[in-house]
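1. sequence-free structure coming up:
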């Protein structure tokens, strides 16, 4: 009796579940089957949880606990089948492929050639350096190994074209130079006997005698370029033209000739057309002397022995090169007889004041003696502007027929007159230029109110002076005894 009652209860619950599913709102079509079954499943689950399941458990528990009850099995219920055209709803997950950054394009490998050089600088003898015929000089190039192979003693510096100037054709390397390292390559030359410009082309070669050089394709040569000039035939001894025959040193040590104008040790270079502090461009050979770049730094050159003759004179103009305001240097001319002690012939302090000094020293007291002349310059001011010059330093028979440049007197007078009228220190006035002029009246071309000017030709100078903020033009006669000026 109890077993039958249990079966009735189970049948009732099952029927209830089916009816609830069938009593959903509306009549599902084939296309709505998925939604209908989904809703029915949700309803059944809710009712079992809330009512039927609780009642069933309670009733089964009561029957099972009755004395004499027999075990039983819950009846199975076959779920209603779906129409063939309906696919049961199954939750699905769409696979999303993982995102990733695409690999970068493959870089084209850079092929480094085995042998290739890079030009760094001319250590000595910059292009255009001036020498006299038959002069010896040493050229030094600084190169860098930018290839992938090491240079060793099987590599050489080789002459390839141009003017060899008595240098060796093949000069083996003495050092091992690995990729990325630098080397100074050296060749010794003797200048040709004829004046002119000369260029000598060079490359490197490997153990197989294959040449290589500089440039993107490693096929370009590097070179030494010089100019040969003949000494002035009117001079008994031309110190400027023979400057590299002298032995040069500075307070920093020995110097090469010609030197490196950028070296902090100082340098000696020959200039053909220098512009001086008075604004004039000269056409005579000029020694540009730079002391060591330090306070009290000096530079000195000892020239080859010269036998002095009666009535010989040492002549030169000295001062500072243009655009070196603040230049303050001490010039010294010394000599040594037959290796004896050094003796002084004169010292001169020069500043950047627009005035060029003429030196004329009678050497007759040294006649018939073999003398080594010594030119020196010592820095007394700002090292970066200590650019001193010796214009046409030479030994000549007698004094020159031309008078020393008288513009120095006129410049000095003009600076002092303008400074005095303005209430300035005359040293604050810089000289921009000095030009010879012929004034056509006694007012030197400067006409002021109520001024009477006589018509007369007066030679003199047009001098341009300046301060930091202003510029002035001064007109003078040759010796500076007459000065007129105005703000320009």
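-> Looks like it arrived, so ask away. All values reported here derive from a predicted model rather than from experimental measurement.

2. Sketch out the low-pLDDT regions of this structure for me.
-> 1-108, 400-406 (pLDDT under 70).

3. Show me the domain layout of it.
-> 2-64, 112-230, 247-403, 407-487 (automatic domain parsing).

4. Pick the most deeply packed of those domains.
-> domain 247-403 (a mean of 18; mean count of other C-beta atoms under 10 Å). Any C-beta I mention is one placed from the backbone N, CA and C, and that applies to glycine too.

5. returning to that earlier point: could I get the domains of the chain as TSV with distance to residue 237?
-> Putting the domains of the chain into TSV (distance: least, C-beta to C-beta, whole Å) gives the following:
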stretch	distance to residue 237
domain 2-64	119
domain 112-230	12
domain 247-403	4
domain 407-487	26
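
6. Tell me which of those sits nearest to residue 238.
-> Residue 238 sits nearest to domain 247-403 of all the domains of the chain, at 5.2 Å, using C-beta to C-beta.

7. Between the two ends of stretch 310-326, how far is it?
-> Taking C-alpha to C-alpha, to the nearest Å, stretch 310-326 runs 40 Å from one end to the other.

8. Report the distance from it to the chain centre.
-> How far stretch 310-326 lies from its chain's middle: 34 Å, per C-alpha atoms, centre = their mean, to the nearest Å.

9. Kindly report the same for stretch 350-358.
-> The answer for stretch 350-358 is 34 Å, by C-alpha atoms, centre = their mean.

10. Contacts for that stretch, please.
-> Stretch 350-358 is contacted from outside by 276-279, 315-320, 324-331, 348, 381, 385, 388, 391, 404-405, 407-408, 411-412, 415, 427, 430-431, 434, 463, using C-beta atoms under 8 Å, 6 or more residues apart in numbering.

11. Tell me which of those fall in strands.
-> Secondary structure from DSSP state E places 315-320, 328-331, 348, 388, 391, 430-431, 434, 463 of these in strands.

12. Tell me the spacing between the residue positioned nearest the centre of the chain and residue 188.
-> The geometric centre of the chain, computed from its C-alpha atoms, lies nearest to residue 120 (C-alpha atoms, centre = their mean), at 11.3 Å. Distance check for residue 120 against residue 188: by C-beta to C-beta, to the nearest Å, it reads 20 Å.

13. ok, residue 190 touching residue 135?
-> Yes: shown here, residue 190 and residue 135 form a contact pair, counting by C-beta atoms under 8 Å, at 7.2 Å.

14. In its sheet, which strands sit next to the helix or strand harbouring residue 183, and in what direction?
-> Using DSSP states H and E, residue 183 sits in strand 182-190. Applying DSSP bridges, strand 182-190 is found paired with strand 136-145 (antiparallel).

15. Now do the partner strand: everything it contacts.
-> Under C-beta under 8 Å, 6+ apart, the answer for strand 136-145 is 116-125, 129, 131, 151, 177-191, 200, 202, 204, 214, 222, 224, 226, 244, 256-258.

16. mind listing which of these are in helices?
-> Per DSSP state H, helices hold no members of the contacts of strand 136-145.

17. that older thread, if you skip the residues just before and after it, what's nearest to the residue nearest to the centre of the chain?
-> Excluding its sequence neighbours, the residue lying closest to residue 120 (C-beta to C-beta, 6 or more residues apart in numbering) is residue 142, at 4.1 Å.

18. do residue 285 as well
-> Closest to residue 285 by C-beta to C-beta, 6+ apart is residue 240, at 3.9 Å.

19. Could you pull up the contacting residues of the one you found?
-> For residue 240, the contact set (C-beta under 8 Å, 6+ apart) comprises 270, 284-287, 390, 392-394.

20. quick one: secondary structure of residue 418?
-> helix (DSSP: H, G, I helix; E, B strand; the rest coil).

21. pretty sure it is in contact with residue 474, am I right?
-> Yes: counting by C-beta under 8 Å, residue 418 does reach residue 474; the two are 6.1 Å apart.

22. Spit out the residues that contact the two alike.
-> By C-beta under 8 Å, 6+ apart, the residues touching both residue 418 and residue 474 are 465, 483, 485.

23. So which of the residues you listed is the closest to residue 163?
-> The closest of the shared contacts of residue 418 and residue 474, once distances to residue 163 are taken by C-beta to C-beta, is residue 465, at 47.4 Å.

24. What strands flank the helix or strand where the closest one lies, and is each parallel or antiparallel?
-> Assigned by DSSP H and E, residue 465 falls within strand 455-466. Within its sheet, strand 455-466 is paired with strand 430-441 (antiparallel), strand 471-477 (antiparallel), according to DSSP bridges.

25. was I right about residue 486 contacting residue 446?
-> Yes: counting by C-beta under 8 Å, residue 486 touches residue 446, with 6.1 Å between them.

26. mind checking how far the residue nearest to residue 120 is from residue 290?
-> 20 Å.

27. Report the contact partners of the nearest residue to residue 413 once chain neighbours are set aside.
-> Closest residue to residue 413 apart from its sequence neighbours, by C-beta to C-beta, 6+ apart: residue 480 at 2.9 Å. Counting by C-beta under 8 Å, 6+ apart, residue 480 touches 409-414.

28. State whether residue 393 is indeed within a helix.
-> No: counting by three-state DSSP, residue 393 is not part of a helix but strand.

29. so it touches residue 375, yeah?
-> Yes: Residue 393 is within contact range of residue 375, at 6.5 Å (criterion: C-beta under 8 Å).

30. any residues in contact with both of the two?
-> Common neighbours of residue 393 and residue 375 (criterion: C-beta under 8 Å, 6+ apart): 239, 287.

31. out of the strands paired with strand 455-466, which comes closest to residue 196?
-> strand 430-441 (33.1 Å).

32. Pop out the phi and psi values for residue 127.
-> When read as degrees, to the nearest 10, the backbone of residue 127 gives phi -50, psi 130.

33. Check the gap between it and residue 348 for me.
-> Going from residue 127 to residue 348 by C-beta to C-beta gives 33 Å.

34. Skip the chain neighbours and tell me the closest residue to residue 155.
-> residue 173 (4.8 Å).

35. In this structure that neighbour contacts residue 153, no?
-> Yes: using C-beta under 8 Å, residue 173 is in contact with residue 153, at 6.2 Å.

36. For residue 439, which residues are in contact?
-> 445, 457-460, 475, 477.

37. Quick check: beta-bridge partners of it?
-> Counting by DSSP bridges, the residues bridging with residue 439 are residue 458.

38. Could you check how far it is from residue 270?
-> For residue 439 relative to residue 270 (C-beta to C-beta), the value is 37 Å.

39. Residue 301 now?
-> 12 Å.

40. now do residue 331
-> 17 Å.

41. again, but for residue 284
-> The gap separating residue 284 from residue 270 is 11 Å, by C-beta to C-beta.

42. Distance to residue 109 added to the contacts of residue 439, as a markdown table?
-> Below are the contacts of residue 439 laid out as a markdown table (distance: C-beta to C-beta, whole Å):
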| residue | distance to residue 109 |
| --- | --- |
| 445 | 74 |
| 457 | 80 |
| 458 | 79 |
| 459 | 76 |
| 460 | 74 |
| 475 | 73 |
| 477 | 77 |
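
43. now, among these, which is nearest to residue 305?
-> Nearest to residue 305, judged by C-beta to C-beta, of the contacts of residue 439 is residue 459 at 43.3 Å.

44. is it true that the closest one touches residue 478?
-> Yes: in this structure, residue 459 is within contact of residue 478 by C-beta under 8 Å, at 5.5 Å.
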